[in-house]
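S.K.: this one's sequence-less:
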């Protein structure tokens, strides 16, 4: 009996000791920092996973709501490194290599990355990305293969969005492109509102510990003033004109002079935006021009300055008329030559045109007459007018990369420094400036300033953004007046004079049924050795209908080969553009418009 | 009862995970679908389709203008994007779904003590 009791006590004591040990161990585990660290590490590995929350970049639309830049779903294919074993490694490498076309050695290197689950370690790696832009079809193929082959289970994929341009090359110069950040054009300028901040965080996999996923708002969408149909037609006409004339490049801008809205902006080259950024940039090579390495501009319309030539004469005429120095009827005896500041200036044909009124001077584009006109205006007033047309400033259009070139004038005579060899302004420069040589501007600067003449003397800020859509709300851009360089009457008079000069000349720029105003410009190209013989920049600016201008068009063809003259090469291009514009913009012929107006 | 509640919480947690993943996938899918639609109706594609159907670009000679009273002309397609989640009504889970029993006991005790002290 006693012995039995002893056994009972012994078992009882053993159980109590065992319980005490368990409790002791439990307390030790709970309080020992080493155990605490281990349990936290193991727990976190199992319950927390890193996750990137991708922001959806805003879309870009044309003025009618056609998508010009959006996002397409692509997949990243990779492997879960903790599931890679010696037995499945080769099979995975072979499968991914044959599916994606990637080099087998490259795939093997990615698959063999050592598994390191600790997020704070430098070589942290739980997942290895192998192929970035997989299609849905590829993902379906993996899924099907995994159904029959368990060795392929470590292959996984994540969906993500990739910037896509549905029209490929259309408006490439305007849109710019996106590669981590926006480059050039609208993508570059509006990068901060198109994109929102991406977030990366560790999310708990514990179902009891549900975290709210970070709320990442979508980027704002931008509606452009561009009309996709007009843009496409302008690009088509420009490409054909460059080919037919043998020009090295070209630019066409179509603007609404009343609001400053850019309806189309076509330039060459235009890259296919649906390719990697290196390939896009390769389409804009660095060329050696006059001994300098110059990268082909992404958008010549705003990024390349040039001497515009006679299209600039509209400013000289505007200054002379608005200041009262001349009237349209003022007569000038053209002798075909003038000396100014040590320079001898001739007309384009080296001819003397005799008595001409101011319309005749513009019609025949007489350099000698325009020099006289600027002199009549006086140097101070002439440059004040050029300044009020903002010739010496950027337009600040809402696109990335606008260029400008210092303008030599009495108020800025030494923009290149005081070096005696550096170009500087002197009195005689009023001569070449009066007919658009010795001054370097971008096409966007030219069209913006000349549009003031087509808009009752009011210069509007050029812009490409029509509206921004964010959080379901739309905010429209309000057109802004930048300056009023001339009086409305002067603007009407110039428009009428330029319309008459086109009609008298029976210009190739005319379009039947529509009264148009316009001016040609053939400019010599400067180099380090002086102006280059036999090469020109041919430009044309024109607007219409004259009584109520709805569009202004600026065209520039660089170094045309078929003829050096703008009147031969560019005037027919303007005519073709207007033929298309009046249809695309629903502008009836003048006669029908008048009839409609009187019947209302 | 506690076990039942715990199981329901776990189930709801998993459900939330799945719904979050689905939402992300749907956002991508919506974006991709509108881009696919834009690809199909791109200027080049539309021009090619029009040519295939026998259409030719209109010239001025083909056009006859008519005066239609109150005609407002071509209107843009409405462009909308979804409101951000921050703007929408905030659907937060009740604490019971995220609290452990210990949290519940701890909080309950404090609430009770607070009430006693008042």
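M.R.: Nice, I can see it. Everything quoted here is computed from the prediction, not taken from an experiment. Numbers count the residues shown, from 1 in each chain, chains lettered A, B, ... in the order given.
S.K.: only C-alpha atoms for contact and neighbour calcs from this point on.
M.R.: Noted.
S.K.: hmm, who's touching stretch A:149-161?
M.R.: Defining contact as Cα atoms under 8 Å, 6 or more residues apart in numbering or on different chains, one finds that stretch A:149-161 is touched by A:54, A:56, A:71-81, A:83-84, A:88, A:91-92, A:139, A:142, A:145-146, B:25, B:28, B:32.
S.K.: what does stretch A:184-203 give?
M.R.: A:48-59, A:173-178, A:181-183, A:211, A:214, A:216-222, A:298-299, A:398-401.
S.K.: Ok, stretch A:255-265 next?
M.R.: Counting by Cα under 8 Å, 6+ apart, A:171, A:173-174, A:225-228, A:230-231, A:234, A:251-254, A:301, A:447-448, A:451-452, A:454-455, A:460-464, A:466, A:479-480, A:549-553 sit against stretch A:255-265.
S.K.: Could you do stretch B:31-48 as well?
M.R.: Residues outside stretch B:31-48 that contact it (Cα under 8 Å, 6+ apart): A:66-68, A:70-73, A:161, A:164, A:166-167, A:228-229, A:232.
S.K.: same question, stretch A:306-314
M.R.: Counting by Cα under 8 Å, 6+ apart, A:362, A:365, A:370, A:434-442, A:446, A:450, A:494, A:519-525, A:537-541 sit against stretch A:306-314.
S.K.: Which residue ranges of the stretch 451-600 of chain A form helices?
M.R.: Counting by DSSP state H, counting those that start in this stretch, one finds helices in the stretch 451-600 of chain A at the ranges A:488-504, A:566-569, A:571-584, A:590-599.
S.K.: now the stretch 51-200 of chain A
M.R.: A:86-100, A:104-111, A:136-148, A:172-175, A:185-189, A:191-194.
S.K.: Switch these over to TSV; also include mean pLDDT.
M.R.: Output for the helices of the stretch 51-200 of chain A, formatted as TSV (pLDDT from 0 to 100):
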stretch	mean pLDDT
helix A:86-100	92
helix A:104-111	93
helix A:136-148	91
helix A:172-175	97
helix A:185-189	97
helix A:191-194	94
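S.K.: Dump those to JSON lines, plus distance to residue A:312 and mean neighbour count.
M.R.: Supplementary listing: the helices of the stretch 51-200 of chain A in JSON lines, determined by distance: least, Cα to Cα, whole Å; neighbours: other Cα atoms under 10 Å in any protein chain shown:
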{"stretch": "helix A:86-100", "distance to residue A:312": "56", "mean neighbour count": "16"}
{"stretch": "helix A:104-111", "distance to residue A:312": "59", "mean neighbour count": "16"}
{"stretch": "helix A:136-148", "distance to residue A:312": "55", "mean neighbour count": "13"}
{"stretch": "helix A:172-175", "distance to residue A:312": "25", "mean neighbour count": "26"}
{"stretch": "helix A:185-189", "distance to residue A:312": "26", "mean neighbour count": "23"}
{"stretch": "helix A:191-194", "distance to residue A:312": "35", "mean neighbour count": "19"}
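S.K.: could those go into TSV alongside distance to residue A:501?
M.R.: Formatted as TSV, those follow (distance: least, Cα to Cα, whole Å):
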stretch	distance to residue A:501
helix A:86-100	64
helix A:104-111	69
helix A:136-148	61
helix A:172-175	34
helix A:185-189	37
helix A:191-194	45
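S.K.: what bits of the stretch 451-600 of chain A have low per-residue confidence?
M.R.: A:600 (pLDDT under 70).
S.K.: Can you pull the residues of it lying near chain B?
M.R.: Where the stretch 451-600 of chain A comes near chain B, counting by Cα under 8 Å from any Cα of the partner chain, the residues are A:469-473, A:579-580, A:583, A:588, A:592, A:596.
S.K.: Of those, which count as buried by neighbour count?
M.R.: Buried residues within those, counting neighbours by 16 or more other Cα atoms under 10 Å in any protein chain shown: A:469-471, A:579-580, A:583, A:588, A:592.
S.K.: Any idea how many residues pack against residue B:71?
M.R.: Residue B:71 sits with 7 neighbouring residues when counted by other Cα atoms under 10 Å in any protein chain shown.
S.K.: residues of stretch B:25-39 that come out buried?
M.R.: By 16+ other Cα under 10 Å, the buried positions in stretch B:25-39 come out as B:25, B:28-29, B:31-32, B:35-36, B:38-39.
S.K.: so which of those comes closest to residue B:116?
M.R.: Nearest to residue B:116 among those, counting by Cα to Cα, is residue B:25 at 50.5 Å.
S.K.: in what helix or strand does the closest one lie?
M.R.: helix B:2-40 (DSSP states H and E).
S.K.: just to revisit the earlier point, in PyMOL, select just the buried ones from the contacts of stretch A:184-203.
M.R.: Typed into PyMOL, the line below selects the buried ones among these, using 16+ other Cα under 10 Å:
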select buried, chain A and resi 53+54+55+56+57+58+59+173+174+175+176+177+178+182+183+216+217+218+219+220+221+222+298+299+398+399+400+401
